[in-house]
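# Provided below are the primary sequence and the corresponding predicted coordinates.
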Amino acid sequence: MKIKALIEKTDTGYCSISCDEKIGNFCLGGFGNSVAEAKDDFMSVVKEAQEEYVAEHGELPDKYKDVSVTYQYDLQSFFDCFDWINITKFAQVAGVNESKLRLYKVGKAFAGERTKAKLQSAIKRMGAELASVSL
């Protein structure tokens with residue numbers, strides 16, 4: 001089962017994960033004080049939903065057995081999860097204003113579609129560059 005899940009940071013700094021997919025009639029979601037905690041909670045909810053499905057129906061269908069999750073982040077959650085990224089350097093790589101990027105990071109401003117596209121492109125370039133490294 002492939003799940004697309006959205007990670008967002010709330011106004012209070014709490015992280016939430018939501019998705020449209022279900023296991024049977026069980027909705028899936030997760031919460032935590034950090035992205036890592038929310039991901040752990042989300043995966044425990046997936047496991048609980050699988051167990052509840054088995055308890056109610058006797059068997060878990062193949063489509064619910066192998067779960068893979070693709071996460072989509074809002075900018076605050078992204079920078080919370082990847083807090084090792086240097087904002088100054090990342091802004092230069094992405095070609096965006098450093099001050100604005102800092103506001104996006106803390107949720108005091110929101111990036112438009114063009115800026116999001118620049119940030120996404122920079123993330124993909126950085127990922128490809130890192131993937132090609134060997135030590």
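Sure, I can see it. Numbers count the residues shown, from 1 in each chain.
# now do the same end-to-end measure for stretch 77-88.
Start-to-end span of stretch 77-88 (C-alpha to C-alpha, to the nearest Å) is 18 Å.
# So which residues make contact with it?
Ile7, Glu8, Lys9, Cys15, Ser34, Val35, Ala36, Tyr73, Glu98, Leu101, Arg102, Lys105 (C-beta atoms under 8 Å, 6 or more residues apart in numbering). Glycine gets a C-beta too; all of them are placed from N, C-alpha and C.
# Now with 7 Å, please.
Surrounding stretch 77-88, the residues in contact under the criterion C-beta atoms under 7 Å, 6 or more residues apart in numbering are Ile7, Glu8, Lys9, Cys15, Ser34, Val35, Tyr73, Glu98, Leu101, Arg102, Lys105.
# any idea which element the nearest residue to the last one once chain neighbours are set aside lies in?
In this structure, Lys105 finds its nearest non-sequential neighbour in Phe79, 4.5 Å apart by C-beta to C-beta, 6 or more residues apart in numbering. In this structure, Phe79 sits in helix 75-81 according to DSSP states H and E.
# If you average the pLDDT over the helix or strand following that helix, what comes out?
Tracing the chain C-terminally past helix 75-81 and defining elements by DSSP H and E, one meets helix 87-94 next. On average, the pLDDT along helix 87-94 is 95.
# next one: helix 87-94 to chain centre, how far?
Helix 87-94 has its C-alpha centroid displaced from the chain centroid by 20 Å (C-alpha atoms, centre = their mean, to the nearest Å).
# CA atoms only for the helix or strand just after that helix, dumped as CSV, please.
On the C-terminal side of helix 87-94, the closest following helix or strand by DSSP H and E is helix 98-106. The C-alpha trace of helix 98-106 is given here as CSV (Å, rounded to 0.1, in the frame of the first residue of the first chain):
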residue,chain,number,x,y,z
GLU,A,98,17.6,34.5,2.7
SER,A,99,15.5,36.8,5.0
LYS,A,100,12.3,35.5,3.4
LEU,A,101,13.4,31.9,3.7
ARG,A,102,14.0,32.4,7.4
LEU,A,103,10.4,33.7,7.7
TYR,A,104,9.1,30.6,5.8
LYS,A,105,11.1,28.4,8.2
VAL,A,106,9.4,29.7,11.3
